[in-house]
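# what's the 3D shape of this:
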Amino acid sequence: MDENSYFEALREKWERKWPRSLPKEPIYPYGQIPIFEYLRRRSRSHPERTAIIYYGSKLSYGLLDELSERFAFFLTKQGLGKGDVVAVQLPNCPQLLISYFGVLKAGCVCALINPWVGRSGTEYMLGEVKPKIVVCADSIYPIVSQSSQKIDGVEHIVTTSLSDFAAEPDEKAPPEVKSKPKQAGGLSLISLLEESKGSVNVEVSLDDDALIIFTGGSYGVPRACLHTHWNILFKTAVACTYSPSGLIVALYGNRQLDAETLMKHTERGVYLGVMPAFWVAGKLACVDAPIFAGGTVVLMVKWDPEYALYAIDKYKVTSTFLEFSLYEDLLRHPKLGRYNLRSLRSCIGSSIRTYLTARLRGEWFNITKTVLCESSYGLTETHTIDTVAGGFHREDFDLKQAEKHGGVFCGIPVPGTLIKIVDPKTGELLPLGEVGEIVIKSPSLAKGYLKRPDETRKKFVKGWLRTGDLGKYDEDGFLYFMGRIRDVEEFEFHPIEVERRMLGHPAVGAAKALTLTHPERGSILTLVIEPKREYREKLSEKEIEDWCSRNLPSPLLPCLVLIKDELPTTGSGKTDVEKLRREAEELLREKLSKPAST
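Below is the predicted model:
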């Protein structure tokens, strides 16, 4: 099978299944210019419009543009220019957007770092990106300062308090937003913004380097991916054009729409900004897309289900992007009934810890009258959102197909993107219906991994990315994510199928299938269960074992069930598989060391 014939056949299928109300190309309201130019254009056209809501305090487009311009001016006065790296180690707060857009305006490269990664993680990540300036929260200044001393080239550390832009925090703001600034060392961001009253006019090309962002680290050490201004712009346009596809198809069916009609459902929206911006999908949802669309982002430093309900109600949020377990948190919250969520129009999620089910979709629709859809398939290396998964929800078609094929329904590749399924060992194309490695060619493919030439050569091959993910196409050309290659090497099935089915148990919040080494039985299939909060003291391993025996076919039955209150996660919210494996092995040792009950 040659590649041309393979994609010709797929394109015919995609053409037949593509919703007619969705455009065939991403929409760029102001043309193909760097993302920070969208901020400048939005600021000029509506300077008083609210860009950010931060626990009750508001920042206009005019002020966000001015403050980011001042930060860019500060960077240029420090002698920084193209190619120089500025690390931003902040949670979701106005200072992150100010720093991010300022770095890009100055022509520098912005490296986004997890602020909760701890001492060893900070030292590792700063060592990978080699920044000249680090912007961080005052609470982690000691860690950043000590880590920076071990790295050549860090000239300044700029600190800010999470309360700096919360003049009058609302009643439900977290303590760290209400607390007084700490007396940290380094330069004060507030002070330098007051002093740096100037503008910049750096010539920036879409091909210039712009962003360093780390992979999730679910299976080991996170890798630093280098992206250009074009990569950011392209995927922001893709996000704004196709993320509300469930809403568009629900409203317009097969009617063909012009760009103006479609963008009215994106522009001036109110976005809930809670997924962490140091994760590539969180950055798109909380930073790039709202500004590109001229909307408002309601920022949250950390997840708090009651504050999310409060914010949706008070600020009339229209769009949410959450991991699916967080939607469960909202639905199970005892104060849910106090809040009105009917302002919501577009709600999408990501299957990074758990999965979308018909039950979850139905319960969410009953409360909000909004259809909950899978966002897309995507990777840090491609700046994510590589498929359109929304818009195929009628009569739960997407969920029924996912159950039929035993994977996550990912839809159709976004325009300009090619995805093929190959034999992981030989690289040969596989026919539709067969499971193999997902290999992707994207207009927004990263340049590679910083300081990892061998890994870059291994994974970035002639314009294609070898993802390490397993997937398949069905007979209609829809893509399914089937898990990670390393997850299934010891199984005769795909663990994701077990994990999905376990969500049918009313007490299961999340599940992960692993192989552990048993001293007598060798490698055994182990199922680690995270109960829903209300079942943590009630759910037993015996109950899960009995449920599995009644509801799972024999090849999927686990040899061992373990229960943990919470599965460990990475900074981006994904299950930390390696850490979970170590913890599960410890639980297994404890279990084996206990005398058998008689």
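
# From what I see, Ser161 and Lys178 are in contact.
No. Between Ser161 and Lys178 there is no contact under CB atoms under 8 Å: 10.7 Å. Placement of C-beta: from N, CA and C, glycine included.

# Counting neighbours around each, name which of those two comes out higher.
Counting neighbours by other CB atoms under 10 Å for Ser161 and for Lys178 shows that Ser161 has the greater number, 22 against 14.

# Can you give the domain ranges for the protein?
56-226, 490-593 (automatic domain parsing).

# least reliable of these going by mean pLDDT?
For the domains of the chain, mean pLDDT drops lowest on domain 490-593, to a mean of 82.

# Not counting sequence-adjacent ones, nearest residue to Phe71?
Gly102 (3.0 Å; CB to CB, 6 or more residues apart in numbering).

# Which of the helices or strands spans the spatially most central residue of the chain?
Closest residue to the average C-alpha location of the chain: Ala281 at 3.1 Å, with CA atoms, centre = their mean. Using DSSP states H and E, Ala281 sits within helix 280-283.

# Please export the C-alpha coordinates of that helix as CSV.
Only the C-alpha atoms of helix 280-283 are listed here, as CSV (Å, rounded to 0.1, in the frame of the first residue of the first chain):
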residue,chain,number,x,y,z
VAL,A,280,0.2,23.2,26.0
ALA,A,281,-3.6,22.6,25.9
GLY,A,282,-4.1,24.8,29.0
LYS,A,283,-2.1,27.6,27.3
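
# What segments of the stretch 201-350 of the chain are helices?
In the stretch 201-350 of the chain, the helices defined using DSSP state H, counting those that start in this stretch lie at 229-242, 245-252, 259-263, 280-283, 289-292, 305-315, 324-332.

# With Arg501 as the reference, name the closest of these.
Each of these has some distance to Arg501 by CB to CB; the shortest is helix 324-332, at 15.3 Å.

# Who are the packing partners of the closest one?
Under the contact definition 3 or more CB pairs under 8 Å, 6 or more residues apart in numbering; DSSP states H and E, helix 324-332 sits against helix 305-315, strand 346-350, helix 358-368, strand 508-518.

# Now for Lys182: which residues touch it?
Asp138, Ser139, Tyr141, Ser161 (CB atoms under 8 Å, 6 or more residues apart in numbering).

# What is the burial count for the first one?
Same thing as Asp138. Number of residues near Asp138 (other CB under 10 Å) recorded here: 21.

# which residue packs closest to it, ignoring adjacent ones?
Leaving aside its chain neighbours, Asp138 sits nearest to Ala184 (3.8 Å; criterion: CB to CB, 6+ apart).

# Flag every buried residue along the helix or strand hosting Asp546.
Asp546 belongs to helix 541-551 when assigned by DSSP H and E. Using 16 or more other CB atoms under 10 Å as the test for burial, helix 541-551 gives Glu543, Ile544, Glu545, Trp547, Cys548.

# isn't Arg332 right up against Arg533?
Yes. If you go by CB under 8 Å, Arg332 and Arg533 touch, sitting 6.9 Å apart.

# Show me where the stretch 201-350 of the chain dips below the pLDDT cut-off.
Regions of the stretch 201-350 of the chain meeting the criterion pLDDT under 70 cover residues 217-220.

# quick one, strands of the stretch 151-300 of the chain?
Ranges of strands in the stretch 151-300 of the chain, per DSSP state E, counting those that start in this stretch, are 156-160, 187-188, 209-214, 224-228, 270-273, 296-299.

# would you turn these into a markdown table with mean neighbour count?
Below are the strands of the stretch 151-300 of the chain laid out as a markdown table (neighbours: other CB atoms under 10 Å):
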| stretch | mean neighbour count |
| --- | --- |
| strand 156-160 | 23 |
| strand 187-188 | 18 |
| strand 209-214 | 24 |
| strand 224-228 | 22 |
| strand 270-273 | 25 |
| strand 296-299 | 26 |
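
# I'd like those as CSV, with distance to Glu69 appended.
CSV is the format used below for the strands of the stretch 151-300 of the chain (distance: least, CB to CB, whole Å):
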stretch, distance to Glu69
strand 156-160, 16
strand 187-188, 18
strand 209-214, 17
strand 224-228, 22
strand 270-273, 22
strand 296-299, 19
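
# Nearest to Thr215, out of the helices and strands packed on helix 324-332?
strand 346-350 (15.0 Å).

# Send me that closest one as CSV with only the CA atoms.
Provided in CSV are the C-alpha atoms of strand 346-350 (Å, rounded to 0.1, in the frame of the first residue of the first chain):
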residue,chain,number,x,y,z
SER,A,346,-19.5,25.1,24.5
CYS,A,347,-18.1,22.5,26.9
ILE,A,348,-15.3,20.2,25.9
GLY,A,349,-13.0,17.9,27.8
SER,A,350,-9.9,15.8,27.6
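
# partners of it, with directions?
strand 319-323 (parallel), strand 372-374 (parallel) (DSSP bridges).

# Spatially nearest residue to Gly477, not counting backbone neighbours?
Per CB to CB, 6+ apart, closest to Gly477 is Lys13, 3.1 Å.

# What is the neighbour count of that neighbour?
Counted with other CB under 10 Å, Lys13 comes out at 17.

# Please point out which parts of the helix or strand hosting Gly468 sit buried.
According to DSSP H and E, Gly468 maps onto strand 464-473. Residues of strand 464-473 classed as buried by neighbour count (16+ other CB under 10 Å): Trp464, Leu465, Arg466, Thr467, Asp469, Leu470, Gly471, Lys472, Tyr473.

# Equivalent analysis for stretch 24-43, please.
Across stretch 24-43, burial judged by 16+ other CB under 10 Å covers 26-29, 34-43.

# That one: end-to-end distance?
End-to-end span of stretch 24-43 (CA to CA, to the nearest Å): 29 Å.

# Kindly report the same for stretch 106-119.
Termini of stretch 106-119 sit 29 Å apart (CA to CA).

# picking up where we left off before, who wins for proximity to Ala289 among the strands paired with strand 346-350?
Of the strands paired with strand 346-350, nearest to Ala289 by CB to CB is strand 319-323, at 8.6 Å.

# Check which helix or strand the residue nearest to Phe71 maps to.
Short version: Gly102 belongs to helix 94-105, going by DSSP H and E.

# circling back to that earlier point, from what I can see, the residue nearest to Gly477 looks like it's in a helix, true?
Yes. Assigned with DSSP: H, G, I helix; E, B strand; the rest coil, Lys13 falls within a helix.

# Give me the phi and psi for the closest residue to Leu470 other than its chain neighbours.
Closest residue in space to Leu470, ignoring its immediate chain neighbours: Met482 at 4.2 Å, by CB to CB, 6+ apart. Torsion angles at Met482 (phi, psi; degrees, to the nearest 10) stand at phi -110, psi 0.
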